[in-house]
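K.L.:
take this sequence and fold it.
(2 chains)
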Amino acid sequence: MNKFKVVLKKSFLNNIKSPAFWTLLVMPLVMLLFGYFIFQQGNDNSQSKIAVISSQPKLAESFKKFERPDILYISKYSTESAAKKALVKQKIDGYLKITPDNNHLKFTLCNTNQSNEINIEAIQMAINQINLILQTESLKLSPLAIQQITTTPKLDQKTSIVRNNHLVTQNQNRIMTKATIVMGISFLLCLLLLCFMSQIATIIGREKGERVMEIILSSTEAKWHFLGEVGGIFLTMLSVIAVYFLFAIVVVLKFHQKVFFKNMFPGLTWQLFLSPEIIFTILFGLTGAFLYLVLAATLGALVNNVEQVSQAIIPLMIPAMISYFLMIGSFIKITPFIRICAYIPLFSNSLMPTMLVMGKASELQAVISYLICLGFTILMSYFSIGMYRSNVLVYSQKGIWSALKSALTFHKTIKVHS
Amino acid sequence: MLKIKNIDKSFGSLQALNNVSFEVKEGEILGLIGQNGAGKTTTFRIILGLLQPDQGMVEFSGRRVNSQVLNQIGYLPEERGLFPRMRIMDQIIYLAELKGQSRAVTKAKIDEYFERFEIKGKKTDKLKNLSKGNQQKVQLIVTLIHDPKYLIFDEPFSGLDPVNAQIFKEAILAEKAKGKCIIFSSHNMDNVEELSDNLIMLKSGKEVLSGSVSDIRNVYGRVKVFLESSLTSSDLGKISGIKDIKEKSGRYELTLKDPSIGPKILKQVEKTGDFLEFSQQPLTLDEIFKMKVREK
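P.N.:
Model (predicted):
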């Protein structure tokens, strides 16, 4: 056990000292910050300045009531030629000309191809409101009558999910937020897995290629070395996740009052992270990640040198990618194929959480799927240790599949301090 | 004491070891010789517990291989087995930790070992930046730094220049003086003869020679004669019982059918009254090795 700790520590420290680790850790955060910066820049420039020109100054002034963060109404230009000059000099993004047309008013918006994008709908709404006020004044309607006319019936949506044969009412906002979080976690884990699978296979393949395994295995049992290396990379992955999680907390604390954040995560509360859907997503994600890492390490032990690792790892990359694409598809439609895959290890880790959050699977089904995944992970770990033990000192010139065959043959004859 | 008892090992239809037994006492060096594929590395791997024998057992002072026993073994493999991209001191510390020695103890010893083995390079260098000979010396440090009771050297002199080979020999002899059990393999019979107290020769997994170096050499008697005299090769050819005559710069190397032929040759030489050298010796280990390899 002490030697397991020695290998674990060495593997973990070597990984976190590597430039690849820091690139993986920092790059997504830098890209997110960069994206936010661009978004922020876009927001700063998106306020359109619209001059309102009317022969009635009061009418032009009345638009001020309808100003929004994206539209600023200016009434200081009294003539169209003054507004045109301002438009040419890009002091304004456009002007709204109001002219009488029989008993009505005619509104014309003029802008240029160099103007900021103008929210036409917002201007139309302002015009509607002003027009309504003018019309009700001319008809001498009471405020109550105006309210009755203008009030429209509201459509509310309540979505329930079927859980243990009962309808459980869920807030649509909460469902959307949970789904976004589940998708985010699954995407992050998939991205990290693809990186760390290659890394563990490369570490094992390189150690084998450098003929250092004989020295290591003359010092410690194969199982402790195998579990130490896999554990070290798993800890590295958890470190990345922990940093991302802290970053997410900072983001939530800083931006939870912002409109764009509320639009993206409506109904977000801290309690949401303790919901079964999120807990299952984390459990499935971590167990699935460990399973993939164990299998990647086993494949890494099949090669003769580090150059063969990328070829050896392909059989594992395929289910990882398929699993990810099925997860994306499951947000659109849950097919019978996806339902079956949600119980198959290597796929279930990303599919079952999605089905759970979409209300297409019950918690009992998720527990069953998780137990299958956990059992398979334990079984494969045991099998992989045996494979590793019998294969890590065998060098086959006939390719990876031949090495796998040899490993299975020699599984009974080769034993490293088991 | 290290005991190997009746070890059998097969890989499929290939019998790699067949009833191999030997023992190495404290302060003894055993030389393991044999052609490539004779079973030397398989023997080492079984001793290290990397392979499980089909039959037989390995005992370290009465104990089977386990984690504690592994801590007392130092192993130098035939092919260099270190991390090229890792700093030298980091890998020495790591590999010693795997042998149960603390970081602090290893750190305190590193400088002394660097000096003793005259390594050209800094302990903070990456291994790949050292020459092959110096890398081999780092491997020797890794083998010895945790002060193991049992030492296994697989072809330790392979690829070393004479100066470095001498450093290795001195290191092995120093460990012997400390009472360690040492096994080593080599294709260089001069080294085997110089270092070994006992030797085992394996051929196709079977022991074909076993015993002390002097006993093995004397099994065949003193059948070599080195002669420098006025006798010519035609004179020597007339003496019966000489199997082979080789001549180099007037010096003859004769192989006898029987050691008793030696005195007869000496009489002939004495009759001439003019000779510089007459020496009757046993076969060299190299000759015995080649002879055994050719035997069917």
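K.L.:
next secondary structure after the host helix or strand of residue A:191?
P.N.:
Here residue A:191, judged by DSSP states H and E, is contained in helix A:172-209. As assigned by DSSP H and E, the chain's next helix or strand after helix A:172-209 is helix A:213-217.
K.L.:
strands along chain A, start to end?
P.N.:
With strands called from DSSP state E, chain A shows them at A:48-54, A:71-74, A:94-101, A:104-111, A:159-163, A:166-170.
K.L.:
cool, and the stretch 151-296 of chain B?
P.N.:
B:181-185, B:198-203, B:206-212, B:224-229, B:242-248, B:251-256, B:275-281 (DSSP state E, counting those that start in this stretch).
K.L.:
Serialize those strands to a markdown table and add fields for mean pLDDT and distance to residue B:108.
P.N.:
Where C-beta positions appear, they are placed from N, C-alpha and C, glycine not excepted. Below are these laid out as a markdown table (pLDDT from 0 to 100; distance: least, CB to CB, whole Å):
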| stretch | mean pLDDT | distance to residue B:108 |
| --- | --- | --- |
| strand B:181-185 | 95 | 25 |
| strand B:198-203 | 92 | 35 |
| strand B:206-212 | 90 | 39 |
| strand B:224-229 | 91 | 51 |
| strand B:242-248 | 89 | 54 |
| strand B:251-256 | 91 | 53 |
| strand B:275-281 | 88 | 49 |
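K.L.:
out of those strands, nearest to chain A?
P.N.:
Closest approach to chain A among the strands of the stretch 151-296 of chain B (CB to the nearest CB): strand B:181-185, 13.2 Å.
K.L.:
so which elements touch that closest one?
P.N.:
strand B:14-24, strand B:29-34, helix B:40-47, strand B:150-154, helix B:162-177 (3 or more CB pairs under 8 Å, 6 or more residues apart in numbering or on different chains; DSSP states H and E).
K.L.:
mind doing that once more with 6 Å?
P.N.:
strand B:29-34, strand B:150-154 (3 or more CB pairs under 6 Å, 6 or more residues apart in numbering or on different chains; DSSP states H and E).
K.L.:
how distant is it from the center of its chain?
P.N.:
When C-alpha coordinates are averaged (CA atoms, centre = their mean, to the nearest Å), strand B:181-185 and its chain have centres 7 Å apart.
K.L.:
let me know the pLDDT of the closest residue to chain B within the stretch 251-400 of chain A.
P.N.:
Proximity of the stretch 251-400 of chain A to chain B (CB to the nearest CB) peaks at residue A:393, 6.3 Å away. At residue A:393, the model reports a pLDDT of 80.
K.L.:
what does it show for phi and psi?
P.N.:
Note on residue A:393: its backbone torsions stand at phi -110, psi 10 [degrees, to the nearest 10].
K.L.:
quick one: least confident helix or strand in chain A?
P.N.:
Here the helix or strand of chain A ranked lowest by mean pLDDT, DSSP states H and E is strand A:159-163, holding a mean of 61.
K.L.:
would you map out the domains in chain B?
P.N.:
B:2-213, B:220-294 (automatic domain parsing).
K.L.:
endpoints of the last one, how far apart?
P.N.:
One end of domain B:220-294 sits 16 Å from the other (CA to CA, to the nearest Å).
K.L.:
hmm, back to that, ok, and does the helix holding residue A:191 reach over to chain B?
P.N.:
No - figure legend: helix A:172-209 not in contact with chain B (CB under 6 Å from any CB of the partner chain); closest approach 7.6 Å.
K.L.:
for that helix, which residues meet the burial criterion?
P.N.:
Using 16 or more other CB atoms under 10 Å in any protein chain shown as the test for burial, helix A:172-209 gives A:174-179, A:181-183, A:185-186, A:188-190, A:192-194, A:196-209.
K.L.:
same check, this time on stretch A:145-156
P.N.:
For stretch A:145-156, by 16+ other CB under 10 Å, it's residue A:146.
K.L.:
check the offset of it from the chain's centre.
P.N.:
In terms of CA atoms, centre = their mean, the centre of stretch A:145-156 is found 39 Å from the chain centre.
K.L.:
could you give the average pLDDT over it?
P.N.:
Here the average pLDDT along stretch A:145-156 is 77.
K.L.:
show residues contacting that stretch.
P.N.:
For stretch A:145-156, contacts defined as CB atoms under 6 Å, 6 or more residues apart in numbering or on different chains pick out residue A:136.
K.L.:
hey, C-alpha coordinates of that stretch in CSV?
P.N.:
Extracted C-alpha coordinates of stretch A:145-156, given in CSV (Å, rounded to 0.1, in the frame of the first residue of the first chain):
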residue,chain,number,x,y,z
ALA,A,145,-61.0,51.1,-19.8
ILE,A,146,-57.5,51.4,-21.3
GLN,A,147,-56.3,48.8,-18.9
GLN,A,148,-59.1,46.4,-19.8
ILE,A,149,-58.5,46.9,-23.5
THR,A,150,-54.7,46.5,-23.3
THR,A,151,-54.6,43.5,-20.9
THR,A,152,-54.0,40.2,-22.8
PRO,A,153,-54.6,36.7,-21.3
LYS,A,154,-51.4,35.1,-20.0
LEU,A,155,-50.3,31.6,-21.1
ASP,A,156,-48.5,29.7,-18.3
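K.L.:
contact partners for residue 110?
P.N.:
Using chain A here. Taking CB under 6 Å, 6+ apart, we find residue A:110 in contact with A:94, A:95.
K.L.:
can you look at chain B instead?
P.N.:
By CB under 6 Å, 6+ apart, the residues touching residue B:110 are B:89, B:123.
K.L.:
go again using 10 Å as the cut-off
P.N.:
For residue B:110, the contact set (CB atoms under 10 Å, 6 or more residues apart in numbering or on different chains) comprises B:88, B:89, B:92, B:93, B:96, B:123, B:141, B:145.
K.L.:
still on that earlier bit, any idea which of the strands of the stretch 151-296 of chain B is most buried?
P.N.:
Ranked by mean neighbour count under mean count of other CB atoms under 10 Å in any protein chain shown, the strands of the stretch 151-296 of chain B are led by strand B:181-185, which reaches a mean of 25.
K.L.:
that strand vs helix B:40-47, what angle?
P.N.:
Interaxial angle of strand B:181-185 relative to helix B:40-47 (axes from the mean of the first three to the mean of the last three CA atoms, to 10 degrees): 150 degrees.
K.L.:
direction included, what does strand B:181-185 pair against?
P.N.:
Partner strands for strand B:181-185, per DSSP bridges, with pairing direction: strand B:29-34 (parallel), strand B:150-154 (parallel).
K.L.:
now the shortest one: mean pLDDT?
P.N.:
Per-residue confidence for strand B:150-154 averages out to 95 on the pLDDT scale.
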